[in-house]
Structures are given as structure tokens and as C-alpha cells.
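>>> Sequence and computational prediction follow.
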Amino acid sequence: MANIKISDKLGVTLLTTPSGPGSGISKYFTGNTAAFVASAQLATALNKPVGSLTAAPLGLGMTFASDGTFGTTGVEWQFSAGAQVTVQATQAANQVPGDDVFQNPITVEAGKTLVAATFTPSLSVGLSEGIGNLQFGFTAGGSVAFRAGRLIDLAGGAGPKLGEALQSLLSSAIVPANVLDLATMLEGDLGSVSGAGTLQFSASFDIAQAFNPAASPALAFAKGKVALKAGASLEVGARVKLTGNYQIRVRKLPGGKVRLGYYKMADSQFQFDVTASAGVSATAGKTELVAKLMGLLGTVKASEISQVETGLSEEQVDELRAAVEASLSRSLAVSLAGSFATSNAKTSMFEYEFELSQLDAAGVSALNEALAGDLSALTSRPSSALPAGVQMLVSELEAVKKRKTVWKINLLGIVNVLTVSELIVRGRTLFNAETGELVVTDSVTAKKLRVETRPLEAGTKKLHKLLMQSLVITAAYRASGAQKLDASLSGSMSYFEQDANANRQKIGDYLDNFVGLQLISAAGKTAFLTSSFRGRASVFIDATFLEADFATMFFDPAGQPRDLDFYDTIGRNAIANLIQPGDENDFRRQPMLLGNKASDKLWKQMSEAGPPSFPVTLPPPLNSGTQLAIIRHDYIVIKWWAESMAQAAQAVCDMRKFVAANGQSAEELRNDKKFNKVREDLTNALKDVVNDALPDFLDAWGVLVMDAAAGRQGKLNGVLI
């Protein structure tokens, strides 16, 4: 424990004070003396009443007189001679400076002044753990701002001199390292640490399953009824690491209570590393593991569990478990990132109140662990079941739980093989490392989707393209009545893109997807772009369709099949909606503007001439270089989709007519030769949809056109982070 001494630049001692009992400032300094050199401004201010001082820093405050360390065994914060210590005096009705960047700044109450000292040492490198006493989860090698503040009662006057206030502050104020430190705080005392690091917490999350039962382009269709019910909710436990810039702040309240809060730095982002559990112990046998996994995937039939257990080796079951847990982990990470990124600017991430005299052993342990950077003992319990003396005030996790995390399970091929168990045995289970979606599909499709160097991962762009193909095929089969599915089961497709260093143009492009889907207005986009942006950005859009929506995709209100012009128009309009006037690529709008005579004429000429003639058909500068390549790409995508949908619509119509004329359901007609011939014709009509030459889509065009074909009745979900 060190004594405190402040000298001026000539070495004249201005203030000395012995450390008080339990002093956080001196308790953690090594050596006998914590020596400081005061700036000229501070030296002058020491004899002034605290109530007469300004809120601005008093010059540089003071500096450390020599090199030293601050910390505990195994955790040392290093400072060097000349390192700055800021001294501030904040008057009544003013906010404590610096806290606004971490949200929820404290306002000093009437008749009082808050005197605070802040210094910024660096944490020694080589520490193996990010969590430890006096480390607060902050990163080794980085710097953290330690602050201790004391509320001074002016007692109707200007209060004591700054020198006296500093003696009180430096001798007995605390650094919030453990419950013993907090117990020595005086009412109104403030302590905080701010920097970059990793917080940990554990929690149970209610996960909503969202099945996407789809056809696989690689498999023939089976006769019968798909054995799948709409998804239920699951409770999944997870361990979470949150990495970014944050502040841990404690404040002593009346009655011996302490408020502990965790605040995010404004305009910063968090990275989330989530480890979810399938809820099976490491010693579980193959039967127990398979039963649990199959339950997560929507089936609990003993026959299906037995089929998977028999059909898969233990190594394959382990791969299945790994893919499921990785998918759940990433889905939770995406959900948490979205919630924390969009939380209200005046809301802390976590905030708890501790009544120190009421804490039992569990409460003391939870508080000490939370101060060390691990909130698991608090977040793993419901707010109503916290240890004695502990009250939750704010938890961003509650918002995540209330909103529910959606776990999307793409069953690509269940329409072909009818059961989840058969699809698993005959195929592979992958996950999308960016969105968290699980993909259970046949082996042929899995090979096309798989990231070569990471065998459990499905490539995002490859999956996006395949989901578009599968949705067209699946929609046609469901609208035709060729196969029976539970009417409550929806079909869906999604779009995801991210940029590690997004600029304003990229954010504008992402927002164009929202404008095109009518999730926001063009004015809303403009207003959003008045903000500043930096760092990573991502956009996720998902469209979900029900049974009636599939019919609308292929039939007009009079029950007639949609024609090529209908889909052509939708495709063009989607491009025009995605590319707003003034955008970097607004030349793409030129052939796409519906009702514009010049645009309609140009599109007609393009359709008649075909892509090889575009250098002649298109006007300059669209007829050469990058602009020609992009216009040609747009045209090919629109024509592929429009022609595929028009062919499918006619085949769907033929199937519906046949089923209606026979007065029987598809299930009843499954062995009828004529029915199977019409069904085969439907399959042949969809061959173009599975053409491997299908180009990639730009932006969320695929989502826009399928939603427009469904009469904009799809359920849309869009998130921009």
C-alpha cells in the first residue's frame, strides 16, 4: 500500500497523504509512494474551493513522477514517468465528462461537486486469460482508463479546497476490483474502467425453429406426403464472449447499495463469439445424441431416430452434432449483434444493483466475477431468481430473448425424400458461417455448396443461388397440389452480404434493398445516410411465403396462369427499385423503367435481338465495357427467371386441372399412371430452373421478384447492422 505525494515541477511538495484503509488508489500501487507532478494549473487550483472550479480538465492535471505498476499478483498495469493523470471537478446539474461516449452519463446532483482523477496505464502482455482480478476482461497490451470520483457536499458554500478534496479522493477512493473495494466506497463515490476487451456471459435462449422445406434440384421426386410439422421453440444454452469497447462503472448509492453498469462505446461495434450446446453431455451415447439432435430438427419418432442411428456412423453423428451446434452458435451471434447494434442510445448493456449487506455467498461470488468481466452467474438466472440482495435493472439479453432468435433450417430435398431422417442419412448437414442457417441436403448438392477448406460450411453465395432455384421448384410443386405438405409450413429465401469496411455508398446500396421491398421509404434512406459510418456492415433480408402465396406466384385473380410478360415486368421493376436515381450504377435503370416509352422500347429491342447484339442494340455508353457487362447480366437473370416461372405456371395449371378433374387428392392419385405422367411433365418443365449456368444475383433481386410475384404478401424481415 503506497503513500500519496503531489509535488510541483520544481520538486516542492504540495500535498502528502497516507493511504486510507482499503484505498483502491494506493492499495494497488507498488512501492511505498505514489508520486505525482502537478501541472501549473493544478498547483494553482489546489487552494481554490471545489465549487468554484470549471468542469474542464485542470490543464494536464498531473503526471506520474516515475515508472511504476498498478495491479495485483498476475495482473499488472504499467505506467511510465510523465504519464498523465487528469483531474476534473464537475459542478451540480452538469454531466460527468467523458461518460457520454459510453452512454448514460451521470449528472451531478444539486449542492455537490464531483472531483475525479483518471489515469490510463497499459496492461502487461503475456496474460493467458482475458478475465481476472483487476483485469475486468480487458485485453493484454491495451490501455484502459481508470477513474475514481468522490462526491463533495458543498454545504451551502463553495466547499473544501481542491487539495483537501484530492487528499480525500486519493487516500480512500477505490478502483472497483472486488466486493471489499465496493464496501469501502462512500455514498456518491464513483469508480469506472474503460477500454477494449472481452466480457463473458452465459444464458438460455428461446429459439424459434423456422423450417424451409424445399425441393433439391439433384433428386427425383418421391410419391407421398412430406412428414414435417411447423417448427416449435427450443431452449438452448450458450456461452457468449462479447468483444469491443466498453466501460464498467460502479456508483455507491444511499443505504449501502452499489449500482454496477456495463456501457457500450457510442458508434462502436461488438464481435460475438457464441458457443451453443445441443444439450447432450460429452459422455452421452450414440442413441441419446441422435435422439436429441432429431428432436432439434423437428422429429421425435422412434422409427426415424432408429433410421438415423443405424444409417450413420459415430463419426457422422459427431459431424451432425458439430454442424447443428455451429449453426445455433452463429444464429445466436447474429441475433445478439443485431440487438446490441440497434439498442437505444440511452440504454446500458447490463445494469445491476447490489445491496451489499444482504449479499450471501452466491451474491458475493457473482459480484466479484462480474467485476472481473464474467457476468454468467447473473445472466444465467432469471431476473426473479438472482441471489439475495441483487436486482437486475437493465439487460440487453432480455430484448434478445423477448424478440426470439430464429433458427432457420433449410431442408433441401425433404420434398424429394419425404422425411428428415432419410435426408440426413442420404445427405450431409452443413451450416452457413455468416447467417447461421442450417442446411440439410443431399450429397450431390452438399458438394456444390461446401466450402472446400471447411467441410461443415456452406458458401453464402452458392446457398443464395440454390435457394432461389429451390424456391421456384418448391413453389411450383406446392401450388400444383402434386404433393401434400402441412399448410402451416412456409417456404423462404434470403439474402446476406457484408463488408469489412463499408463506406456511405455501400450502406446506400444495402438500404436500396429495403427501399425496393418497401420496408423503408426513399426519404428514410436519405435520412439514415446523414449519419456517419465506419467499420463492418452487413445486411440480411428474408422472405417467407405461405401456401396461398405460392398460388399467387403462378395464377392471376381469375385463376389463369401468369404469362411471360408478367414476370418480365416484375424482373425489370425490381432492378429499377434496387437502383435509385443518383446511385453509382443508376445506368442500370435505363432499360428497366416501366411505362417510360424510351425504356420500354429499348427493352423490347433487347428482347428481340438477344445479348449477342447488345453492343449494337444498346446506346452508348451502355454498349461497351463494364456497363455492357452489367446490363447483359441483368437481362440474363431477368429472362432466366421470367421464362422459368412462365413455364412452371403453365405446368402447374395443367397439374391442377388434372387433379380437379379426377376429384381426388395427389395422395390418392399417387399410383395413377396418368397422374404420374402429368407430374413428370411438371418436373420436365422445371429443368431450366436447375440449370447450372444460372448467373449469380446482384443485390436482393431474387427476394424482390419472388415477393412481387406473390402479390407482396410474403413476410419480410430485414436487418442492417
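That came through fine.
>>> next helix or strand past the helix or strand encompassing residue 274?
Assigned by DSSP states H and E, residue 274 falls within strand 271-276. Per DSSP H and E, the first helix or strand lying C-terminal to strand 271-276 is helix 286-296.
>>> what helices or strands is that next one leaning on?
Judged by 3 or more C-beta pairs under 8 Å, 6 or more residues apart in numbering; DSSP states H and E, the packing partners of helix 286-296 are helix 302-311, helix 314-341. For every residue, glycine as well, the C-beta is placed using N, CA and C.
>>> mind listing what's buried in that helix?
For helix 286-296, the neighbour count (16 or more other C-beta atoms under 10 Å) marks 289-294, 296 as buried.
>>> now, which of these sits nearest residue 586?
When the buried residues of helix 286-296 are ranked by distance to residue 586 (C-beta to C-beta), residue 296 comes first, at 46.2 Å.
>>> hmm, back to that, and the buried residues of helix 286-296 as CSV, adding distance to residue 79 and pLDDT?
Listed next are the buried residues of helix 286-296 as CSV, based on distance: C-beta to C-beta, whole Å; pLDDT from 0 to 100:
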residue, distance to residue 79, pLDDT
289, 52, 86
290, 57, 88
291, 57, 86
292, 52, 85
293, 53, 87
294, 58, 86
296, 51, 83
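>>> Need the contact partners of stretch 93-109.
The contact list for stretch 93-109, computed with C-beta atoms under 8 Å, 6 or more residues apart in numbering, reads 55-57, 88, 90-92, 110, 114, 116, 118, 145, 147, 149, 151, 190, 192, 194, 246-247, 249, 251, 261, 263-266, 345-348.
>>> distance between the ends of that stretch?
End-to-end span of stretch 93-109 (C-alpha to C-alpha, to the nearest Å): 6 Å.
>>> how about it: buried residues?
For stretch 93-109, the neighbour count (16+ other C-beta under 10 Å) marks 94, 96-99, 101-106, 108 as buried.
>>> dump the residue contacts of residue 401.
The neighbours of residue 401, taking C-beta under 8 Å, 6+ apart as the test, are 203, 205-206.
>>> So which of those are in strands?
203, 205-206 (DSSP state E).
>>> Going by distance to residue 699, which of those residues wins?
Once C-beta to C-beta is applied, the member of the ones in strands among the contacts of residue 401 that ends up nearest residue 699 is residue 205, at 31.1 Å.
>>> burial of the closest one, as a residue count?
23 (other C-beta atoms under 10 Å).
>>> Also the one 3 residues further on?
By other C-beta under 10 Å, 14 other residues sit near residue 208.
>>> my guess is it contacts residue 407, does it?
Yes: look at residue 208 against residue 407 with C-beta atoms under 8 Å: they come within range, at 6.9 Å.
>>> Am I right that residue 556 is in contact with residue 649?
No: applying C-beta under 8 Å, one finds residue 556 not in contact with residue 649, separated by 9.6 Å.
>>> okay, those two: which has more neighbours?
Looking at residue 556 and residue 649 with other C-beta under 10 Å, you find the greater number of neighbours at residue 649, namely 26 against 13.
>>> picking that back up, can you list the buried residues in the strand holding residue 274?
Residues of strand 271-276 classed as buried by neighbour count (16+ other C-beta under 10 Å): 272, 274-276.
>>> want to throw those residues into CSV with pLDDT?
Listed next are the buried residues of strand 271-276 as CSV, based on pLDDT from 0 to 100:
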residue, pLDDT
272, 92
274, 94
275, 94
276, 91
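>>> which among those residues gets closest to residue 478?
The closest of the buried residues of strand 271-276 to residue 478 turns out to be residue 276 (C-beta to C-beta; 31.6 Å).
>>> could you list every residue that touches the closest one?
236-238, 325, 328-329, 332.
>>> Scan the protein for its longest helix.
helix 625-662 (DSSP state H).
>>> nearest residue to residue 290 other than its sequence neighbours?
residue 309 (4.6 Å; C-beta to C-beta, 6 or more residues apart in numbering).
>>> pLDDT value on the one you found, please?
At residue 309, the model reports a pLDDT of 88.
>>> Next, the contact list for it, please.
Contacts of residue 309 by C-beta under 8 Å, 6+ apart are 286-287, 290, 317.
>>> could those residues be laid out in JSON lines, adding distance to residue 181?
Listed next are those as JSON lines, based on distance: C-beta to C-beta, whole Å:
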{"residue": "286", "distance to residue 181": "51"}
{"residue": "287", "distance to residue 181": "51"}
{"residue": "290", "distance to residue 181": "50"}
{"residue": "317", "distance to residue 181": "49"}
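>>> Most widely separated two among those residues?
Most distant of the contacts of residue 309, by C-beta to C-beta, are 287 and 317, 9.9 Å apart.
>>> Help me confirm that residue 323 comes into contact with residue 429.
Yes: if you go by C-beta under 8 Å, residue 323 and residue 429 touch, sitting 4.4 Å apart.
>>> Give the residues shared as contacts by these two.
438, 456.
>>> just curious, which of the ones in strands among the contacts of residue 401 is nearest to residue 257?
residue 203 (24.7 Å).
>>> how would you label residue 104: helix, strand or coil?
When classified by DSSP: H, G, I helix; E, B strand; the rest coil, residue 104 comes out as coil.
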